[in-house]
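**Student:** sequence plus the predicted model coming up.
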Amino acid sequence: MVDLFGIKLFYDGKMNDLHITCSTADPSKANVDALLVSVGEFGRETPPWKSLGKVLGPLCEESDPSRRFFGKEGSVVVAPSLGRIKPRFIALAGMGKTSEVGVWRRCFGAAVRKLCKNSIRSLGVLLPFKHTDLEWVVLAIEEASYQFQNFKSNGDDEAELEEIVFFAQSVSDEAIRQSTVLAGAVRRARQLANQPGNAIDPRTFALEAQQLARRRRLSCVVWDERRLKREGFGGILAVGCGSVHPPRFIRLDYRGGPARQAPVVLVGKALTFDSGGISIKPSDKMDEMKFDKSGGVAVLGIMDAVAGMRLKMNVTGLIPAAENLPSGSACRPGDLVKMLSGKYVEIMNTDAEGRVVLADALAYAQRLKPRAVVDLATLTGACLIAFARECAAVLGNDETLVEQLQEAGECTGERLWPMPMWPVFQEKVKSDVGYVKNSAGREGGTITGACFLNAFMDKSVSWAHLDIAGTAWTSSEEPYRAKGATAFGIRLITHWLRTLA
Ligand code: BES
Ligand code: MN
Ligand code: ZN
């Protein structure tokens, strides 16, 4: 076990799994720190427990004396129960009229987040809806209750939520187990993605992958820089060669399906830090580039979830990990780099490094005769300009795959929106001296980034690229989640894989 700043590896043991149970007892007498009741607009769903009335009644009066807009979308009331019921706090989450997953997630989360500021370790939840929705409720609670505070040492770290009790009848053990697995995978991924560049570099990232593999019984192979040189991974080496922390290539295999079944291959960009290299970034917000590993972290999280859920299919995760720094040994603008595919890339801008490491990983992915390839990458700032933080961009060579992924996005609230890869865009990445160039300038940046990758894909292989630059992290706190890593992609891709299994 490696000790980083006194913290354990995140994939060690059962760290951070929420303990979830179900109860039909009277919630007003339950041994939980707080109770959460969700209320639709007009307050139609009165909880069936009379005992809550004596607390809920006055609370409702207080929050909305006219009683007309009670339950309004996003409204939150948190109050101490003053001994009138056993839980110390009671919270009301206004859910509005819609049942759209993204909206509910925010409304529910806002109440949870406010509650958790009161050092809540256990939370009771009155389920107002059908039990099949248990999973997203758990995910919303995970999302809202998490706070990255590993390195705070001033003694005022808030207590973490450890336990959820659902007051509902007949929630299946299997549903609880699956929710626990998914929420745990998301939680561990956020914790890893939030780590700074001096704690997680390509080597320690690989150690995390190996730890996950042990925990979930996956096979894991890590190639170091010597092996990468021998195998011809020129792209990954070129991006990583400016740092004293050399690059790694990580392969994880989950075999839940028949031995001969083609695997779905997931590829995740893991730049443990992206300074831009010789084409250095402005210092403003450069600190955020520790999140440039989010695609790779999402792939770890998906493998964690898929194996934990024991899906009946084969999934392989590939993660090129590197640190992009300027130095005397760094790659320069103008360099020609021989890639794994044998083709030469002209480096126009060393800050367009993600596509260079991904191109090698995608070339490798195609050797595995995959059923489909999906890559996740914080690839372009242009994606953030196009979509803000509301959705990820999806581009690919297979319309059906893109549609399936979009559909999974709507179901999970991790939304995708397509962009075109017309031949005119493909033309823009052609190089005068090599096969392609790694930057075609600012215009249409997300599209040309994808077109670069497309140049390394065989048309016969079904492939989609998700640009998660806008969605992988938030720069400021929101009512329903802390700032920092969001683990975007895990809920989405796991959902999609379940529809295939
Ligand atoms: N990791 C960045 C993309 C990024 C930028 C994500 C800002 C989130 C916020 C990526 O490696 C990068 O630097 N891309 C360049 C590409 C350009 C040089 C063609 C960009 O977007 O500026
Ligand atoms: Mn970059
Ligand atoms: Zn980057």
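**Tutor:** Received, thanks. Ligands and ions are numbered 1, 2, ... in the order given.
**Student:** report how many residues lie close to the residue lying closest to Met339 once chain neighbours are set aside.
**Tutor:** Using CB to CB, 6 or more residues apart in numbering and skipping residues adjacent in sequence, the residue nearest Met339 is Gly235, 4.8 Å away. Glycine gets a C-beta too; all of them are placed from N, C-alpha and C. The tally of other residues near Gly235 (other CB atoms under 10 Å) stands at 33.
**Student:** can I assume Gly235 is in contact with Leu336?
**Tutor:** No. Between Gly235 and Leu336 there is no contact under CB atoms under 8 Å: 11.8 Å.
**Student:** and stretch 224-231, which residues are buried?
**Tutor:** Neighbour counts over stretch 224-231 (16 or more other CB atoms under 10 Å) mark Glu225, Leu228 as buried.
**Student:** cool, stretch 254-273 as well?
**Tutor:** Buried, per 16+ other CB under 10 Å, within stretch 254-273: 254-257, 263-273.
**Student:** and ligand 3, which of the residues you listed reach it?
**Tutor:** With CB under 5 Å from the ion as the criterion, those include Leu271 near ligand 3.
**Student:** quick check, nearest of the buried residues of stretch 254-273 to Thr24?
**Tutor:** Set against Thr24, the nearest of the buried residues of stretch 254-273 by CB to CB is Gly256 (34.0 Å).
**Student:** which of the buried residues of stretch 254-273 fall in strands?
**Tutor:** Of these, the ones assigned to strands by DSSP state E are Tyr254, Arg255, Val264, Val265, Leu266, Val267, Gly268, Ala270, Leu271, Thr272, Phe273.
**Student:** export those residues to TSV and tack on distance to Lys229?
**Tutor:** Output for those, formatted as TSV (distance: CB to CB, whole Å):
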residue	distance to Lys229
Tyr254	28
Arg255	29
Val264	29
Val265	23
Leu266	25
Val267	21
Gly268	22
Ala270	19
Leu271	20
Thr272	20
Phe273	22
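**Student:** ok, what's across the strand from whatever residue of the chain ends up closest to ligand 3?
**Tutor:** Distance from ligand 3 to each residue of the chain (CB to the ion) is smallest for Asp274, at 3.7 Å. With DSSP bridges as the criterion, Asp274 is bridged to Asn324.
**Student:** doesn't Met289 make contact with it?
**Tutor:** Yes. Applying CB under 8 Å, one finds Asp274 in contact with Met289, separated by 4.2 Å.
**Student:** looking at the two, which one has more neighbours?
**Tutor:** More neighbours surround Asp274 than the other of Asp274 and Met289, with 26 against 19 (other CB under 10 Å).
**Student:** okay, now the domains of the chain?
**Tutor:** 16-182, 194-500 (automatic domain parsing).
**Student:** wait, Ala440 sits on Ala450?
**Tutor:** No. Judged on CB under 8 Å, Ala440 makes no contact with Ala450 at a distance of 11.3 Å.
**Student:** between the two, what contacts are shared?
**Tutor:** Residues touching both Ala440 and Ala450 by CB atoms under 8 Å, 6 or more residues apart in numbering: none at all.
**Student:** who has more neighbours out of the two?
**Tutor:** More neighbours surround Ala450 than the other of Ala440 and Ala450, with 33 against 23 (other CB under 10 Å).
**Student:** before we move on, back to that, need the ones in strands among the buried residues of stretch 254-273 in CSV with distance to Trp422 and pLDDT, can you?
**Tutor:** Shown next, in CSV, are those (distance: CB to CB, whole Å; pLDDT from 0 to 100):
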residue, distance to Trp422, pLDDT
Tyr254, 36, 98
Arg255, 38, 98
Val264, 27, 98
Val265, 26, 99
Leu266, 26, 99
Val267, 24, 99
Gly268, 27, 99
Ala270, 30, 99
Leu271, 28, 98
Thr272, 34, 98
Phe273, 34, 98
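**Student:** so Arg248 makes contact with Ile200?
**Tutor:** No. Arg248 sits out of contact with Ile200 when judged by CB under 8 Å, with a separation of 11.6 Å.
**Student:** quick revisit: tell me how far the residue nearest to Met339 lies from ligand 1.
**Tutor:** From Gly235 across to ligand 1, the span is 13 Å (CB to the nearest ligand atom, to the nearest Å).
**Student:** you'd agree that residue is in a strand?
**Tutor:** No. Looking at Gly235 with DSSP: H, G, I helix; E, B strand; the rest coil, it is helix, so not inside a strand.
**Student:** how about the residues of the chain near ligand 1?
**Tutor:** 274, 292, 349, 351-354, 378-382, 384, 439, 445, 469 (CB under 6 Å from any ligand atom).
**Student:** same thing but 8 Å
**Tutor:** Proximity of the chain to ligand 1 is confined to 271, 274, 276, 279, 281, 285, 288-289, 291-292, 324, 348-349, 351-354, 378-384, 438-442, 445, 448-449, 469-470, 472 under the rule CB under 8 Å from any ligand atom.
**Student:** and the residues you listed, which are buried?
**Tutor:** Buried members of those, scored by 16+ other CB under 10 Å, are 271, 274, 276, 279, 281, 289, 291-292, 324, 348-349, 351-354, 378-380, 382-384, 438-440, 445, 448-449, 469-470, 472.
**Student:** just to revisit the earlier point, report pLDDT for the residue nearest to Met339.
**Tutor:** The per-residue pLDDT reported for Gly235 equals 99.
**Student:** please flag which of the residues of the chain next to ligand 1 sit within helices.
**Tutor:** Those of the residues of the chain next to ligand 1 mapping onto helices are Gly354, Gly381, Ala382, Cys383, Leu384, Gly445, Thr448, Gly449, per DSSP state H.
**Student:** how about those in JSON lines, adding distance to Ala183 and pLDDT?
**Tutor:** Output for these, formatted as JSON lines (distance: CB to CB, whole Å; pLDDT from 0 to 100):
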{"residue": "Gly354", "distance to Ala183": "28", "pLDDT": "99"}
{"residue": "Gly381", "distance to Ala183": "30", "pLDDT": "98"}
{"residue": "Ala382", "distance to Ala183": "32", "pLDDT": "98"}
{"residue": "Cys383", "distance to Ala183": "27", "pLDDT": "98"}
{"residue": "Leu384", "distance to Ala183": "27", "pLDDT": "98"}
{"residue": "Gly445", "distance to Ala183": "34", "pLDDT": "98"}
{"residue": "Thr448", "distance to Ala183": "37", "pLDDT": "98"}
{"residue": "Gly449", "distance to Ala183": "32", "pLDDT": "98"}
